[in-house]
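pasting the structure only:
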């Protein structure tokens, strides 16, 4: 029997150290710990794929939490069946001791583990959906308060009005005016229209 660990964080910016520490505390060899730093949105995870290819019947896989196995209820259930039924490996979810297929391999133990798995995988999906709803509500509330999202607008240079005037009088080329202001073509046109005011808003279109 070999022991493996699987670690996943949903972006390259997140820190996987907490999950790695949990694997070290269980004496999982570092070479047997597979890490993915990407979203589970499409479940195309190279570390997980390599791990599954190495797993054999009787091996043990440790994960810190059940949502490391999938992005929703159906995927968690499917991967659990794949690992435990098709491959025949044992799986231990460290933050939920009832989800340890080494314990209670009789009918009652299997029933309890399956029941807990269904509840936890549903709860994991429900929490992710709640997070998305809260995020959308927060964004909507912030927009209602006038908060802007995305990159802040680049400030207009103090002499931008003069640059626009010279460009309108054909004393500066568009390329020269863009270089002086530091704007791209589309931004230059837009800010020039703003500088001109509503009475000239129809001018300078591309």
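Right, received. Where do you want to start? Note that the structure is predicted; figures quoted are calculated from it, not measured.

please report phi then psi for residue 156.
phi -80, psi 130 (degrees, to the nearest 10).

residues touching it, list them.
For residue 156, the contacting residues are 181, 191, 195, taking Cβ atoms under 8 Å, 6 or more residues apart in numbering as the criterion. C-beta: built from backbone N, CA, C; applies to glycine.

hang on, residue 62 is in a strand, isn't it?
Yes. When classified by DSSP: H, G, I helix; E, B strand; the rest coil, residue 62 is found to be part of a strand.

nearest residue to it other than its sequence neighbours?
Closest residue to residue 62 in three dimensions, ignoring its sequence neighbours and counting by Cβ to Cβ, 6 or more residues apart in numbering: residue 5, at 4.7 Å.

hmm, who's touching the strand or helix carrying the one you found?
Taking DSSP states H and E as the definition, one finds residue 5 inside strand 3-9. The set of residues external to strand 3-9 that reach it, using Cβ under 8 Å, 6+ apart, is 15-16, 19-20, 23, 26-29, 32-37, 40, 45, 47-48, 51, 54-55, 59-64, 68-69.

now do the residue nearest to residue 62 against residue 189, distance only.
When distances are taken as Cβ to Cβ, to the nearest Å, residue 5 and residue 189 turn out to be 55 Å apart.

and what of residue 142?
In this structure, residue 142 and residue 189 are separated by 29 Å, where distance is defined by Cβ to Cβ.

quick check: residue 190 is in a helix.
Yes. Checked against three-state DSSP, residue 190 lies within a helix.

check what pLDDT it gets.
Residue-level confidence at residue 190 comes out at 87, pLDDT.

could you identify the helix or strand that succeeds the helix or strand bottoming out on mean pLDDT in the chain?
Among the helical and strand segments of the chain, the one scoring lowest on mean pLDDT, DSSP states H and E is helix 107-144, with a mean of 69. Using DSSP H and E, the helix or strand that follows helix 107-144 in sequence is helix 160-168.
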